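**Student:** Below are the sequence and a predicted model for it; my questions follow.
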Amino acid sequence: MESSSSAAIAVSSLTEEELTLIVKWSGKEYTLRVCGDDSVAELKRRICEFTNVLPKRQKLLYPKVSAKLADDSLLLSQIPIKSSIKMTMIGTVEDEIILDPVESPEIIDDFEFGQEEAVEIKDKEVNKQKLRRRFDQYKIKLRTPCREGKKLLVLDIDYTLFDHRSTAENPVELMRPYLHEFLTAAYAEYDIMIWSATSMKWVELKMGELGVLNNPNYKITALLDHLAMITVQSASGRILDCKPLGLIWGHFPEFYSAKNTIMFDDLRRNFVMNPQNGLKIKPFKRAHANRDSDQELVKLTQYLLAIADLDDLTTLDHNSWELFNEDNAKRRRHA
């Protein structure tokens, strides 16, 4: 680890130069590296890697700019931060996780990227560099081995598999209908990874309570959490988190690529780094009212199995997945 005196960084120049920061927390000092083009949210994510204090629990103190450090969307080069002064973090590790954690605010609108903007974000060198840094920092732990010849299905949790805002005596009451049937059918053709924008502890708790982690009918290849995400900047200047599938492809290039991977998420922004691989799923909310009528996973099972034999999934328009199902059904009726 480098000392703070070894970092001579011109933050205000809006460059991609690396910053070496010293963060003090709970009587200890941590040396970490970020870049001027990273956001405050990215800095907090890096701090979480060292301290296990969730970003939402962190308060950063730094002379004259503490107020700006409360804005997760600001770039570090906009604050600016100098490496000559140590930063203090105040925050507590969560030992107990309740059913409805104070993890993140309700997202009312999903910021929509146009196709051209999504491609521009994906191809920006600064975002490719962030992905390379995340690849070096984040190691994916396999729960079960990758399987030769299988495609990859990457699933979000909140509002995709589980209604995390409603309350219930038993978490199973908030599980999306047909979840286990869906995962069992998908597992025949796909390795399955679950990627949530929450902490790993919360991912393991939720999936464990829903009976996903030890189900005899399917296996989960890996779990990923918020630390695997990166921040990107839209053309309008908005800073957003996303889930770059390139992180998985980089770790397991012999098994997975853009050609054989599909991601389900209720937020389109989460797959802005891989727009051709993302399918925006209808969010599952108000579980008690919608449990009897929600058929999303049944229909998506049909879609996954229908495309499983294709050599290149990037040739598909996942926005039209329901039309694909209808066309397949018509062909079967007239066969």
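**Tutor:** Thanks, I have the structure now. Numbering: from 1, shown residues only.

**Student:** Against residue 156, how distant is residue 279?
**Tutor:** To residue 156, residue 279 is 11 Å away according to Cβ to Cβ, to the nearest Å. The C-beta positions use only the backbone N, C-alpha and C, and glycine is treated the same way.

**Student:** Compare those two and say which is more crowded by neighbours.
**Tutor:** For residue 279 and residue 156, the more surrounded residue by other Cβ atoms under 10 Å is residue 156, and the numbers stand at 22 against 19.

**Student:** check contacts around the more buried one.
**Tutor:** Shown in contact with residue 156 (Cβ atoms under 8 Å, 6 or more residues apart in numbering): 194, 195, 196, 197, 263, 264, 265, 266, 267, 270, 281.

**Student:** What is the neighbour count of the residue lying closest to the fourth one once chain neighbours are set aside?
**Tutor:** In other words, residue 197. The shortest distance from residue 197 to any non-neighbouring residue, by Cβ to Cβ, 6 or more residues apart in numbering, is to residue 226 (5.0 Å). Residues lying near residue 226 (other Cβ under 10 Å) number 24.

**Student:** Was I right to think residue 226 contacts residue 199?
**Tutor:** Yes: if you go by Cβ atoms under 8 Å, residue 226 and residue 199 touch, sitting 6.5 Å apart.

**Student:** between residue 279 and residue 156, what contacts are shared?
**Tutor:** Here residue 279 and residue 156 have 263, 264, 265 as joint contacts, going by Cβ under 8 Å, 6+ apart.

**Student:** Please report how far residue 304 lies from residue 185.
**Tutor:** Residue 304 sits 7 Å away from residue 185, taking Cβ to Cβ as the criterion.

**Student:** ok, back up a step: format the contacts of residue 156 as TSV; extra columns: secondary structure, pLDDT and distance to residue 62.
**Tutor:** Rendered in TSV, the data for these read as follows (DSSP: H, G, I helix; E, B strand; the rest coil; pLDDT from 0 to 100; distance: Cβ to Cβ, whole Å):
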residue	secondary structure	pLDDT	distance to residue 62
194	strand	98	35
195	strand	97	31
196	coil	94	30
197	coil	89	26
263	strand	98	36
264	strand	98	39
265	strand	96	34
266	coil	94	35
267	coil	92	31
270	helix	93	30
281	coil	96	40
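
**Student:** Between those, which sits nearest residue 58?
**Tutor:** Nearest to residue 58 out of those is residue 197 (Cβ to Cβ; 15.8 Å).

**Student:** How about the contacts made by residue 213?
**Tutor:** Taking Cβ under 8 Å, 6+ apart, we find residue 213 in contact with 143, 204, 207, 220.

**Student:** okay, now residue 219: neighbour count?
**Tutor:** Neighbours of residue 219 (other Cβ under 10 Å): 16.

**Student:** I am finished for the moment; much appreciated.
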